[in-house]
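>>> Any chance you could fold what I've pasted below:
(chains A and B)
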Amino acid sequence: MNEKAYEVVHLDELDRFPVDDEGLLWRPVRRRLGITAFGTNAYTAEKGDERVVEEHYEKDGHEELYFVASGSARFVLGDEEFDAPAGTLVHAEPGTRRGAVATEPGTTVLAIGAKLGVPHEASAWEETFLVFGLYRSGKEREAREQLETVLARYPNEWQGYYNAACFEALTGNDDGAVAQLRRAIELDPQAKEWAAKDEDFDTIRDRPDFPK
Amino acid sequence: MSGAAHISDLAVTTGGGRAWAMVRTHFDIKSFGVNAYVAAEPGMELVGNHDEVDTKHEELFFVSSGRATFTVNGDEIDAAAGTFVFVRDPTAMRKAVAEEPGTTVVVAGGKAGEAFTPSAWERGSRYFVTQEYDKAVEVYEELLAKSPGDAGILYNLACAKSLLGRKDEALAHLRQSIEADPQFKKSAVEDSDFDAIRDDPEFSAITGQTSSARTSS
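Numbering: from 1, shown residues only, chains lettered A, B, ... in the order given. Model (predicted):
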C-alpha cells in the first residue's frame, strides 16, 4: 500500500470496467485511492439511457449515499421514483430498495457506503467485480489472476467458487465451470438454486454432470 | 431515514460567505461522515485549514463543480470539477479555496479500523447554522471538560458566547484560545461572530489590532 499523505485523481483517470452489456461502467474509487474507512465507487452511464445504479437492497447492513456527479438519473428509492439532476444526494438505509437509470449521456453517480456500527472492511464484491470487469475489457489473463487472488483470499466462501464457475463457463472451460460450481454447492447448497437461473451457465446447463 | 435532496436545498450560508450543506445530519447518516460546501465567489475558503489529528479520519474531497485550489502539506493542487483529493494522513494540514463562483466540494470521512461516530466539531457547529448558540455552548463546554485548554474548542466557545452577548466570557475564552494557538488571532479579526465585542478595547488588545479604522486617520 502506498503510504503517501494524500492522493489526487480525476474522474476521467479512473478505470472504466463494464459491469454488463448495456454500457454501465464501474469506476473504482476506493481501490484506486486506497481508502479504508468507507467504500466509494463511481458508476458511469455513457449512452444516457442505461442503468447507472443496479437495483438492490444492501441487506448486509450497508448504509449508502449516492451523489449525482454529472448528467441526470431517474432514481427508485423504496416506493418512490424521482428525477435526480447533478448535485442530488440520495440516502438509502440498509434494506431499502434503490436503483437508478441515467436520463442524460455521460451520467456519473458516486456511491459512498459503510456498515453501521462496525469498522469498515473493503467489500468482497469489489474483488469479484474486478474479475468480470477485466474480462469484459478484453483482459482475460489479468481477470484470471484476479480470480485466483479472490479465491486465495476467501477460501471458505461459496461466492468465490460460484463466480469462478461463471468465469470458467464464460471463457469456455466447461469442465472447470462444473468443478467450481460443485465446490460452491458443497459450501452452501443455495449455490445450486442460483445456478439454476443464472444465464452464465446456459452453455453448460445440458451437461449430464451439471449440478441439479 | 432514506431520502433525497439537492445540495442547493441543504446549503446554508455560514461565516465567510461559504455555504454548508449538512449532509450527514440532514439524512442522519450513521456509518460515515459527509458534508458539502459551496463557495459563492472565487477566493472563498471552502475547507478551512485543518488536520484530522483528533479524529484520525481519512478524508475524501470531491470537487463536484467549479474549480478549487487545495493545499495539502504545503503542496498546491489545482482541482477542476471531477477531481478527488484523498488525504489518508490525519496529520497532514489541508485546505481548499474556490477559484470559480459556485465551486462545490463534497467531503466524506471516517476512521480506518473503527466504527464511525459523529465528529464533535460537527455536533457543535450545527448549532451555529441553526443559530441555537446556547446549545453550541453546551456542546463546547462538554468538549472543553474533556480537552481542557484546546484552542479550537475555546475559540468556538468564544464565538457562541459573543453571539449570545456574554461579552466578558467571550473575551476570556478568546484570550485563552489565542494564548494556546496564535493562529486564531487572524481568524478572530475576520470572524463576524465577534462583531459584538470587536469594539471592546480588550478585543484589540487580545488580537493585537492597533484598533480599527475610526482612529487611524
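>>> Report the rounded mean pLDDT for stretch A:95-109.
The average pLDDT within stretch A:95-109 is 96.
>>> Can you give me the end-to-end span of stretch A:76-94?
14 Å (Cα to Cα, to the nearest Å).
>>> can you tell me if it touches chain B.
Yes: using Cβ under 8 Å from any Cβ of the partner chain, stretch A:76-94 comes into contact with chain B via A:77-78, A:82, A:84-93. From N, CA and C alone the C-beta is placed, and that goes for glycine too.
>>> which among those end up buried?
A:77, A:84, A:86-93 (16 or more other Cβ atoms under 10 Å in any protein chain shown).
>>> Strands - which of the residues of stretch A:76-94 next to chain B land there?
A:77, A:82, A:84-85, A:88-92 (DSSP state E).
>>> Show me the two of those residues that sit farthest apart.
A:85 and A:92 (18.1 Å; Cβ to Cβ).
>>> sec struct for the residue nearest in space to the middle of chain B, please.
In chain B, the centroid-proximal residue (Cα atoms, centre = their mean) is residue B:48; its distance is 5.9 Å. Secondary structure of residue B:48, reduced to three states by DSSP: H, G, I helix; E, B strand; the rest coil: strand.
>>> Run a quick check on it versus residue B:94, I expect a contact.
No: applying Cβ atoms under 8 Å as the test, residue B:48 and residue B:94 come out as separate, 9.5 Å apart.
>>> and stretch B:201-210, which residues are buried?
Applying 16+ other Cβ under 10 Å to stretch B:201-210 flags B:203-204, B:206-207 as buried.
>>> my bad, should have said stretch A:137-146
Buried residues in stretch A:137-146 (16+ other Cβ under 10 Å): A:143-144, A:146.
>>> For it, output the C-alpha coordinates as PDB.
Extracted C-alpha coordinates of stretch A:137-146, given in PDB (Å, rounded to 0.1, in the frame of the first residue of the first chain):
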ATOM      1  CA  SER A 137     -12.400  -5.200 -21.100                       C
ATOM      2  CA  GLY A 138     -10.700  -8.000 -23.000                       C
ATOM      3  CA  LYS A 139      -8.100  -8.600 -20.300                       C
ATOM      4  CA  GLU A 140      -8.700 -12.300 -19.700                       C
ATOM      5  CA  ARG A 141      -5.300 -13.100 -18.300                       C
ATOM      6  CA  GLU A 142      -5.500 -10.300 -15.800                       C
ATOM      7  CA  ALA A 143      -9.000 -11.400 -15.000                       C
ATOM      8  CA  ARG A 144      -7.800 -14.900 -14.200                       C
ATOM      9  CA  GLU A 145      -5.000 -13.600 -12.000                       C
ATOM     10  CA  GLN A 146      -7.600 -11.500 -10.100                       C
END
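>>> mean confidence score for it?
94.
>>> can you check stretch B:165-179 too?
95.
>>> For residue B:41, the count of nearby residues, please.
12 (other Cβ atoms under 10 Å in any protein chain shown).
>>> Model confidence for residue B:15, exactly?
pLDDT at residue B:15 comes out at 60.
>>> quick one: secondary structure of residue B:206?
Put simply, residue B:206 is helix when judged by three-state DSSP.
>>> Who are the contact partners of the residue nearest to residue A:22 when sequence neighbours are not counted?
The shortest distance from residue A:22 to any residue other than its chain neighbours is 4.5 Å, reached at residue A:50 (Cβ to Cβ, 6 or more residues apart in numbering or on different chains). By Cβ atoms under 8 Å, 6 or more residues apart in numbering or on different chains, the contact list for residue A:50 reads A:22-24, A:101-102.
>>> Residue A:50 and residue A:82, how far apart?
19 Å (Cβ to Cβ, to the nearest Å).
>>> residue of chain B with the smallest distance to chain A?
Closest residue of chain B to chain A, Cβ to the nearest Cβ: residue B:110 (3.3 Å).
>>> Could you report the neighbour count for that residue?
When neighbours are counted by other Cβ under 10 Å, residue B:110 registers 27.
>>> need the contact list for it.
A:37-38, A:114, A:120, B:31-33, B:57-58, B:116.
>>> a markdown table for those, including distance to residue A:199?
Output for the contacts of residue B:110, formatted as a markdown table (distance: Cβ to Cβ, whole Å):
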| residue | distance to residue A:199 |
| --- | --- |
| A:37 | 37 |
| A:38 | 33 |
| A:114 | 32 |
| A:120 | 33 |
| B:31 | 34 |
| B:32 | 35 |
| B:33 | 41 |
| B:57 | 43 |
| B:58 | 39 |
| B:116 | 39 |
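>>> just to revisit the earlier point, excluding chain neighbours, what is closest to the residue nearest to the centre of chain B?
residue B:95 (6.2 Å).
>>> Surely that neighbour and residue B:51 touch.
No: at 10.3 Å, residue B:95 does not count as touching residue B:51 under the criterion of Cβ under 8 Å.
>>> Mutual contacts of those two, please.
Shared contacts of residue B:95 and residue B:51, defined by Cβ under 8 Å, 6+ apart, are absent.
>>> low pLDDT regions in the chain?
The chain I'm using is chain A. A:1-2 (pLDDT under 70).
>>> Please refer instead to chain B.
For chain B, residues meeting the criterion pLDDT under 70 lie at B:14-17, B:209-217.
>>> could you pull out the helices for it?
B:7-10, B:23-27, B:120-129, B:133-146, B:151-163, B:167-180, B:183-190, B:201-207 (DSSP state H).
>>> which of these sits most buried?
When the helices of chain B are scored by mean count of other Cβ atoms under 10 Å in any protein chain shown, the highest mean neighbour count falls to helix B:151-163 (a mean of 25).
>>> counting contacts, what elements does that helix pack onto?
helix B:120-129, helix B:133-146, helix B:167-180, helix B:183-190 (3 or more Cβ pairs under 8 Å, 6 or more residues apart in numbering or on different chains; DSSP states H and E).
>>> contact partners of it?
B:121, B:124-125, B:127-128, B:131, B:133-134, B:136-137, B:140-141, B:143-144, B:147, B:167, B:169-171, B:173-174, B:176-178, B:180-181, B:184, B:187-188, B:191, B:193-197.
>>> quick one: contacts for residue A:58?
Counting by Cβ under 8 Å, 6+ apart, the residues that residue A:58 touches are A:64, A:92, A:94-96, A:98, A:113.
>>> Alright, I will stop here.
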